[in-house]
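S.K.: quick one: sequence plus predicted model below, questions after.
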Amino acid sequence: MPMNTTNGAAILSPEDVAALLVQPVLAESLPGLVATPVPMTSNKLRAPSVQDDPNADWVEEGAEITASDAVFDEVEAPARKVAGLTIVTSELANDSSPSAVEQIGEGLKRDIIRKVNKAFVLNLAAPAPAGLGSVTGATVIPVGTAWANEDPFVDAVAAASGVGANIDSWIVSAADYVALRKLKTATGSNQRLITPDAGGGILIEGRPVHLSPDLPAGTAWGVPRDRVLFGVREDAEVVADSSAYFSSDRVGVRAKMRATFAFNHPAALVKLTVGA
């Protein structure tokens, strides 16, 4: 596919951008793995937030059914832009081979995924979207001074169930991942309590564990997929511009996309805290 270097020209079609950038972000990023992807066509992600379910009850055949109302609120999350810029030679930018596209796009894609992952677990300042670290009203499970066993995860599953949710996955920090993997079945034993599956990942309470290098040590999250939304606008683009680098015969290649997160049932999110 030719990659023209006309100033500010899109070098990939929308279909190619989707394959190079949008789909990998949805498939490989942390929110893509643990949340519900939602395509966005506007600048805001709006979703209903259930505050209270309607009441059902057993009734006799032919008897009147008492009406009740569900109590809804609404969460609103603006789409935020994440962008990357890389400088390449004009020869590479004009190379029509697929490998040239991959060379330029892969690095931008990887760093965009890193930025999305970091924003998802923290509460970064604007213009980043608000992540898990911004959530108020999450259920908190105190672990104690250190990880000793899997009991806090059992408590977390039960706590989520108590508000009508099911935890689908865990997110742990790098330090906590190490601590959990080094737990032994008994004092003096070398047998690990948590062992990897055939794919090299680990499960706790039957749920996959995802490692986040950005999450602070001493914090883990239990995430119900259907209570966390990952909004991604489909108007991502990859653009080339040679004007700023004319004297060195180079081309700036810019990739950008817009994404956001919405947490429409905070109590269903379970935060495990070491040291609490």
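M.R.: Perfect, I can see it now. Residues are numbered from 1 along each chain as shown.

S.K.: quick check: residue 165 touching residue 263?
M.R.: No - if you go by C-beta atoms under 8 Å, residue 165 and residue 263 don't touch, sitting 11.8 Å apart. C-betas here are computed from N, CA, C, even on glycine.

S.K.: overlap in contacts, these two.
M.R.: Residues touching both residue 165 and residue 263 (C-beta atoms under 8 Å, 6 or more residues apart in numbering): residue 227.

S.K.: could I get the phi/psi values of residue 239?
M.R.: phi -130, psi 140 (degrees, to the nearest 10).

S.K.: now it: how far from residue 181?
M.R.: Going from residue 239 to residue 181 by C-beta to C-beta, to the nearest Å gives 43 Å.

S.K.: please apply the same query to residue 127.
M.R.: In this view, residue 127 and residue 181 are 36 Å apart by C-beta to C-beta.

S.K.: neighbour count winner among those two?
M.R.: For residue 127 and residue 181, the more surrounded residue by other C-beta atoms under 10 Å is residue 181, and the numbers stand at 16 against 10.

S.K.: check contacts around the more buried one.
M.R.: Residue 181 sits next to 192, 194, 202 when contact means C-beta under 8 Å, 6+ apart.

S.K.: residue 116 contacts residue 258, correct?
M.R.: No - counting by C-beta under 8 Å, residue 116 stays clear of residue 258, with 10.9 Å between them.

S.K.: between those two, what contacts are shared?
M.R.: Common neighbours of residue 116 and residue 258 (C-beta under 8 Å, 6+ apart) are residue 82.

S.K.: between those two, who's got more neighbours?
M.R.: residue 116 (25 against 19).

S.K.: the more buried one sits in which helix or strand?
M.R.: Following DSSP states H and E, one finds residue 116 within helix 98-121.

S.K.: and the contacts of the helix or strand following that helix?
M.R.: Once the chain leaves helix 98-121, the next helix or strand it forms, by DSSP H and E, is strand 139-144. With C-beta under 8 Å, 6+ apart as the test, strand 139-144 has contacts from 152, 155-156, 159-160, 163, 218, 267-276.

S.K.: can you select the buried ones among these for me in PyMOL?
M.R.: In PyMOL syntax, the buried subset of these is picked out as below (16 or more other C-beta atoms under 10 Å):
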select buried, resi 152+155+156+159+160+218+267+268+269+270+271+272+274
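
S.K.: quick one: which of the contacts of strand 139-144 sit in strands?
M.R.: Under the assignment DSSP state E, these contribute 270, 271, 272, 273, 274 to strands.

S.K.: grab the nearest non-local neighbour of the residue nearest to the spatial centre of the chain.
M.R.: Closest residue to the average C-alpha location of the chain: residue 31 at 1.4 Å, with C-alpha atoms, centre = their mean. Distances taken as C-beta to C-beta, 6 or more residues apart in numbering place residue 230 nearest to residue 31, at 4.1 Å, with adjacent residues excluded.

S.K.: wouldn't that neighbour be in contact with residue 259 here?
M.R.: Yes - judged on C-beta under 8 Å, residue 230 makes contact with residue 259 at a distance of 7.1 Å.

S.K.: who has more neighbours out of these two?
M.R.: residue 259 (29 against 26).

S.K.: starting at the chain centroid, how far to the helix or strand where the more buried one lies?
M.R.: Using DSSP H and E, residue 259 maps to strand 250-263. Offset of strand 250-263 from its chain centre (C-alpha atoms, centre = their mean, to the nearest Å): 15 Å.
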